[in-house]
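# coordinates for the following, if possible.
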Amino acid sequence: MAELTFGRYVSHNTCVHRLDSRNKLLMMIMLFVAIFLQFNLWSTNLIISGIMLIFLIICMVVAKVSLRQLFKSLKAMWFLILILLVIYIFIPNANHKFVAFSINGYNVYWDSFYQCGYIFLRIIMMLSITMILTSTTKPMDLTRGLEWGMSPLKLLKVPVHIIAMILTIALRFIPTILEETSRIMKAQESRGIDFAHGSLKNRFRAIISLIIPLFVSAIDRSEELANAMEARGYDPKAKRTSFQKLHFHLIDLYALLIVLVVFGGILTLFILDHTVTTVDIVYVLSGHHAIF
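As a prediction, the model looks like this:
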C-alpha cells in the first residue's frame, strides 16, 4: 500500500513541474470531462480512449512520473474489476447484442467484457491524471490554485481558504496513512497475525487489529499537525497574503493550447457523433432512408 503515490510530490526540473497550479487544475478538469464523454460505437470509444491514454503516458514520461508506480497502484483494483465483470455477465444490459458464448443456454455477451474493460481503462486514465497533478505540484501551490479556482464563492460567504486547506491536507495525508498502514500490518504480522489466510472470523479480527491502531495514529497525527499550525500562528479566518505568487508563463499557454486541442477535438467528435445519430433517428421516424 505504501507504493501508491497519490498526493506525493516528487521534485524534478521538468516543464510540467514549472506549470502554474491553476493551469494544471484547469487542464485536469478538461481531461476528466473528455474521459467521461461516451460515444455510440465501441470502436469509437476504444480509439478515443486509446488516444487519450497515449497522450497521458507521454505527459507522465515528460513529467518523470513513474509508470511502474501507476501499475502498482492498479494492483488493489483487480478485485473490483472482477466484481464488475461478474455483475455485467450475470446482469446484462437489455441492449447487449453480441453473444460470446453460452453456458447451459445462458448467453454471455461480448458487451459485458467491453463495458468492464472500458471502465478499467477509464480508471487507468483517471489515476494517470491524478498522479501527474499530485506528483508535479507542491501541496501549498495546490492549495493556492484551489483557493483561486473557488474564489467566486467568496461572494456567497463560503470559507474558500478553509475548504482548500482541508482538501490539500487530506490529499497530502493519503500517502502518509498508507505508509502507516503498511507499518502496522508488518508489526502485527511479526506478532503472528495473518491477514491473508484463516477463517472469515479470524481475518475479521485481523482487520480490527489493523484499523484501531490506524485510527489512533491518524488522530495523533492530526493533533500534532493542529498544534504545529497553531504554534506558527495560523489563523484560517485572518486575511492572508502569500509569500510566493502564482504566475502564468508562456509555457503555461503552450500546455493549455495542447490540452485545448485534445479536449476540443474529442468534444467536437462527441457532438458530431450524437448529432448524426439524432438526424438518423429523425429520418427513420419520418419514413426516409439516409446513409451517413
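# thinking in terms of the whole chain, how far from its middle is whichever strand or helix holds Ile123?
Using DSSP states H and E, the element containing Ile123 is helix 110-136. A distance of 8 Å separates the centroid of the chain from that of helix 110-136, by C-alpha atoms, centre = their mean, to the nearest Å.
# next helix or strand past it?
helix 139-149.
# just the angle between the helix or strand that that next one is followed by and helix 139-149, please?
Counting by DSSP H and E, the next helix or strand C-terminal to helix 139-149 is helix 160-190. Taking axes from the mean of the first three to the mean of the last three C-alpha atoms, to 10 degrees, one finds helix 160-190 and helix 139-149 inclined to each other by 140 degrees.
# can you check what angle separates the helix or strand that helix 160-190 is followed by from helix 160-190?
Going down the chain from helix 160-190, the next helix or strand is helix 200-231, by DSSP H and E. Helix 200-231 runs at 140 degrees relative to helix 160-190, counting by the same axes, to 10 degrees.
# going by neighbour count, which residues of helix 200-231 are buried?
For helix 200-231, a neighbour-count test (16 or more other C-beta atoms under 10 Å) marks 206, 209-210, 213-214, 217 as buried. For the C-beta atoms, the positions are set from N, CA and C on the backbone; glycine is no exception.
# can you check stretch 189-196 too?
Across stretch 189-196, burial judged by 16+ other C-beta under 10 Å covers Ile193.
# so what touches it?
For stretch 189-196, the surrounding residues in contact (C-beta atoms under 8 Å, 6 or more residues apart in numbering) are 185, 188, 202-203, 206-207, 209-210.
# rerun at 6 Å
Outside stretch 189-196, the residues that touch it by C-beta atoms under 6 Å, 6 or more residues apart in numbering are 206, 209.
# just how off-centre is it within its chain?
With C-alpha atoms, centre = their mean as the basis, stretch 189-196 stands 32 Å off its chain's centre.
# measure it end to end?
This stretch, stretch 189-196, spans 10 Å end to end (C-alpha to C-alpha, to the nearest Å).
# from the buried residues of helix 200-231, which shows the smallest pLDDT?
Minimum pLDDT across the buried residues of helix 200-231 is recorded for Ala206, with 79.
# next one: Leu82 from Leu46, what distance?
According to C-beta to C-beta, to the nearest Å, Leu82 and Leu46 sit 21 Å apart.
# neighbour-wise, which of these two wins?
When neighbours are counted by other C-beta atoms under 10 Å, Leu46 comes out ahead of the other of Leu82 and Leu46, with 15 against 11.
# quick check: longest helix of the protein.
Determined from DSSP state H, the single longest helix within the chain is helix 250-285.
# so how far is that one from its chain's centroid?
On C-alpha atoms, centre = their mean, the centre of helix 250-285 falls 22 Å from that of its chain.
# rounded mean pLDDT for it, please.
Averaged over helix 250-285, pLDDT sits at 79.
# could you confirm Asn13 falls within a helix?
No - applying DSSP: H, G, I helix; E, B strand; the rest coil, one finds Asn13 to be coil, outside a helix.
# count of neighbours near it?
By other C-beta under 10 Å, neighbour count at Asn13 equals 7.
# tell me who's in contact with it.
Counting by C-beta under 6 Å, 6+ apart, Asn13 has no contacts.
# if I look at it, how far off is Glu224?
Asn13 sits 32 Å away from Glu224 when distances are taken as C-beta to C-beta.
# picking up where we left off before, what's the angle between the helix holding Ile123 and helix 160-190?
Going by the same axes, to 10 degrees, helix 110-136 makes 110 degrees with helix 160-190.
# list the buried ones in helix 110-136?
With burial defined by 16+ other C-beta under 10 Å, the residues of helix 110-136 counted as buried are 111-112, 114-116, 120-136.
# do the same with stretch 18-37
For stretch 18-37, a neighbour-count test (16+ other C-beta under 10 Å) marks 19-28, 30-31, 34-35, 37 as buried.
# what's the closest of the residues you listed to Asp235?
For those, the residue nearest Asp235 by C-beta to C-beta is Ser21; the value is 23.2 Å.
# the closest one touches Pro139, doesn't it?
No - look at Ser21 against Pro139 with C-beta atoms under 6 Å: they stay out of range, at 10.0 Å.
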